[in-house]
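# requesting a structural model of the entry that follows:
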Amino acid sequence: MPSTRRAIAILISLAILLPVAAAPVDALTLQRTWTAKVGTSGSNGTIKIRAYTNKTGLITYSLKGLRKSATYTVSIRNGSCSKLGTVAVRLPTILTSTTGTVSRSTSLVSGQMSWIWLAARKSSFVVRIVSGTSIRCAGFTFPHATRVAVSGIGINLPVIRGTSGYPPCRVGLYLPAVAQPREPGITFIYAHARTGMFLPLLTSWRNNRGASLIGRTVIVWTSDSYANYYRIFKVRVTSNVMAGVTSLTSSRLWLQTSTGPNTTYPKLVVEASRYKTVKSTYAAAHPTPHPLSC
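You can find the predicted model right below:
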């Protein structure tokens, strides 16, 4: 129904706008790393931004092949290199060596990081460095969920970035506003309670209040080709599915699905804790998603 779709779209939109405000733990507790490969296939090196749970950050430049002994302005921008958006934040200039290289790290204060996080929550954001006619631009990426499987109950889905619209079928979706596997916090993956998706979670809840799920293994693959293993320890229903989603700093996973055909029904949440991470293959971690409007 159109009204139901609009209500769900609003719920997802609000979820995506939740602040990433994990409780401070330590100035060196890494929350997320974004990497931009500068030049064709990274021919000019990389720029990395590290975000910490105390809301500060660090930008690291490892660049080569630039104009020699030149000053470059640095800006973080919304959008893509082919379609630049507004400037999110301007950062201090960098000076290249006599051979056109840069190797340095600069601390980022909480104010700068707040603008970077705002850009990062959108579908894409970039770094742009400029010295006269010498211009380099590169998009940031970060390791994110690409596939989810639950042992013994037939769940094995490609995972894509969540959107503000009605969730598509045939895929799981990760909530981009919160943590990803190996980051401190909760990784939130949701999908419809339909055949080939998260229906087995709902079936288990209806049969025995989820008792058959406790102890099962959930594997979440990430875009950097790692497999993250979680063990289910709790199954619950709630009318406020986002409550507590930013409150933890340990690596947890929430799988969420519906218990009824519209937003008046509570949501089912399966909670799991990560117990190991192993290197995987590119093929295993990158199934081809075929999202379908439903």
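
# per-residue pLDDT, the spatially most central residue of the chain?
Taking CA atoms, centre = their mean, the centroid of the chain lies closest to Pro176, which sits 4.3 Å from it. With respect to pLDDT, Pro176 scores 88.

# my read: it touches Trp117, true?
No. Using CB atoms under 8 Å as the test, Pro176 is too far from Trp117 to be in contact (11.0 Å). Every residue, glycine included, has its C-beta placed from N, CA and C.

# still on that earlier bit, excluding its backbone neighbours, what's nearest the residue nearest to the centre of the chain?
Counting by CB to CB, 6 or more residues apart in numbering, Pro176 lies nearest to Arg161, which is 5.6 Å off, once chain neighbours are set aside.

# ok, that neighbour to Val171 distance?
10 Å (CB to CB, to the nearest Å).

# so for these two, which sits in the more crowded spot?
Neighbours per residue (other CB atoms under 10 Å) separate Arg161 from Val171, with Val171 holding more: 21 against 12.

# you'd agree that one is up against Pro289?
Yes. Counting by CB under 8 Å, Pro289 is a contact partner of Val171 at 4.9 Å.

# pull up the overlap in contacts between these two.
Listed contacts common to Val171 and Pro289 are Pro158, Val159, Ile160; contacts here mean CB atoms under 8 Å, 6 or more residues apart in numbering.

# host element of the first one?
Taking DSSP states H and E as the definition, one finds Pro158 inside strand 155-161.

# buried residues in that strand?
For strand 155-161, burial by neighbour count (16 or more other CB atoms under 10 Å) applies to Ile155, Leu157, Pro158, Val159, Ile160.

# name the SS class of Lys68, please.
Counting by DSSP: H, G, I helix; E, B strand; the rest coil, the backbone at Lys68 sits in coil.

# output the buried residues of strand 155-161 as a markdown table; include the columns distance to Lys68 and pLDDT.
Converted to a markdown table, these look like this (distance: CB to CB, whole Å; pLDDT from 0 to 100):
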| residue | distance to Lys68 | pLDDT |
| --- | --- | --- |
| Ile155 | 55 | 98 |
| Leu157 | 50 | 98 |
| Pro158 | 46 | 98 |
| Val159 | 44 | 98 |
| Ile160 | 43 | 97 |
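
# can I get those in TSV with distance to Val74?
What follows is these, written out as TSV (distance: CB to CB, whole Å):
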residue	distance to Val74
Ile155	43
Leu157	39
Pro158	35
Val159	33
Ile160	31
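
# residue contacts, Ser280?
Trp221, Ser225, Tyr226, Ala227.

# how close does the first one sit to Leu199?
As defined by CB to CB, Trp221 lies at a distance of 21 Å from Leu199.

# all set, thanks.
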